[in-house]
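>>> return atomic coordinates for the entry below.
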Amino acid sequence: EAEIEAAPSAVAQLDRLVHNYVPEGSGDVEWMLWIDGWGEALRNPMMRKISQELDEQSASLAERVIRHGIETGEFACSDPAAAAMRLTAVVDGLAVQFAAHDGMMNRAQFIEHVRTLAAWEVGLEPEALREDGTGVAPPLAAPTPATDTALRQLVSRYCDTINRADSDG
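Numbers count the residues shown, from 1 in each chain. This is a model prediction of the structure:
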């Protein structure tokens, strides 16, 4: 969140959001865990709660970025919450395709799909989301200690849930 919110404009924030939400590659461990978590959430109430909280946080951040752009006059969007939901849903859906099907698209194509939708949602053309006009993605920062800790806790909860289910069944 801090990296996204530190961008100099709402347009730059939205572009960073797109780059940060899109998986690094089809073998991105965080995304593979996330996809597995969704499957587990269908059967496990505790995982469902964790999954929902994380999904809500993602949509909330996207909504805040969109609202900021509306406030600064950079964006035009009549329903920021719905736009944020559509944006995160497209990232989630494409991430499953990206992770599960080799060769379906590369990361640059994935980013362009999401960038196009994000731009349209806020009344811009996709080219407007490129901070410097080159289309080169901003460098991704290493995960913060807080992100690393949160991921480790999620993995730990997931493993504990699996272990309890195995011992109960």
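
>>> mean pLDDT per helix and strand in this structure: which one sits at the bottom?
Least confident helix or strand, the chain: helix 145-168 with a mean of 69, by mean pLDDT, DSSP states H and E.

>>> all helices of this structure, in order?
Here the chain has its helices, by DSSP state H, at 2-5, 10-21, 29-41, 45-72, 80-100, 107-121, 145-168.

>>> just checking, what packs against the fifth one?
Going back to what we said before, that points to helix 80-100. Secondary-structure packing of helix 80-100 (3 or more CB pairs under 8 Å, 6 or more residues apart in numbering; DSSP states H and E): helix 29-41, helix 45-72, helix 107-121. To be clear about C-beta, it is placed using only N, CA and C from the backbone, and glycine gets the same treatment.

>>> then the longest one?
For helix 45-72, the helices and strands in contact under the criterion 3+ CB pairs under 8 Å, 6+ apart are helix 2-5, helix 10-21, helix 29-41, helix 80-100, helix 145-168.

>>> buried ones in the shortest one?
Read that as helix 2-5. residue 4 (16 or more other CB atoms under 10 Å).

>>> tell me who's in contact with the most centrally placed residue in the chain.
Compute the mean C-alpha point of the chain, and by CA atoms, centre = their mean the closest residue is residue 21, 3.0 Å away. By CB atoms under 8 Å, 6 or more residues apart in numbering, residue 21 lies in contact with 58, 88, 91, 114.

>>> same check, this time on residue 97
Residue 97 makes contact with 104-105, according to CB under 8 Å, 6+ apart.

>>> any low-confidence regions in the protein?
Within the chain, the ranges that satisfy pLDDT under 70 run 26, 131-152, 154-155, 158-159, 169.
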